[in-house]
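Asker: Model the following, please.
(one chain, ligands or ions: 1)
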Amino acid sequence: MKKFLVKAFIFQLSLILSLSFIDFIPSAIAANLPSDLLKQPATEITVNLGNSANELKFEPNHLEFIAGKRYLLQLKNPSQLKHYFTAKDFADGIWTQKVEAGKVEIKGAIHELELKPGAEAEWVFVPLKTGKYSLRCTIPGHTEAGMTGEIIVGNL
Ligand SMILES: [Cu+2]
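Answerer: Okay, the predicted model is just below:
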């Protein structure tokens, strides 16, 4: 009888954890993300770092995600300048499945991406932490010139 209660409690606890994991999951246990989540089709979003006129801006400069959904963020640099996609707090609150660039696939946490002129990269991730984050290019002078953006992670 006692054994059954303990089992029931553990079951209930794990149910609670799995139902609300999106709200508070620390990235350390993100490795246990349900595999269903990783099988869901990724929503594609493209962001250009600069443009062919070499203007210092992200296009678009406002990005919105929903926590717990899988995304494929296409990063492109159509300019003749090198740019960074830097959003450290945002990157800390997501689970990165992979970053693909050229023939290389990188697994694990990513905090910043540098894109050389003409470069493209694909970042596949699941945002876990809701919030409002800032995005910027850390090349000297670029943030100051307005190469900044805003990232919102919301709930469904
Ligand atoms: Cu830049």
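Asker: Quick one: the helices in this structure, in order.
Answerer: Taking DSSP state H as the criterion, the chain carries its helices at 2-24, 35-39, 88-92.
Asker: Contact residues of the protein facing the ion?
Answerer: When proximity is defined by CB under 5 Å from the ion, the chain lies next to the ion at 83, 137, 139, 142, 147. (C-beta placed from N, C-alpha, C; glycine too.)
Asker: Adding pLDDT, neighbour count and distance to P117, write those residues out as a markdown table.
Answerer: As requested, these are arranged in a markdown table below (pLDDT from 0 to 100; neighbours: other CB atoms under 10 Å; distance: CB to CB, whole Å):
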| residue | pLDDT | neighbour count | distance to P117 |
| --- | --- | --- | --- |
| H83 | 98 | 25 | 9 |
| C137 | 98 | 26 | 13 |
| I139 | 98 | 18 | 12 |
| H142 | 98 | 21 | 14 |
| M147 | 98 | 24 | 15 |
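Asker: Pull the contacting residues for K98.
Answerer: 105-107, 123-124 (CB atoms under 8 Å, 6 or more residues apart in numbering).
Asker: Weed out the non-buried ones from those.
Answerer: Neighbour counting by 16 or more other CB atoms under 10 Å classes 123-124 among the contacts of K98 as buried.
Asker: Export the contacts of K98 to a markdown table and append columns for pLDDT.
Answerer: Listed next are the contacts of K98 as a markdown table, based on pLDDT from 0 to 100:
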| residue | pLDDT |
| --- | --- |
| E105 | 96 |
| I106 | 95 |
| K107 | 93 |
| W123 | 98 |
| V124 | 96 |
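Asker: Which single one of the contacts of K98 is nearest to the ion?
Answerer: Checking the contacts of K98 against the ion by CB to the ion gives W123 as the nearest, at 17.1 Å.
Asker: Just give the closest residue to the closest one, not the sequence neighbours.
Answerer: Leaving aside its sequence neighbours, W123 sits nearest to L73 (CB to CB, 6 or more residues apart in numbering; 4.4 Å).
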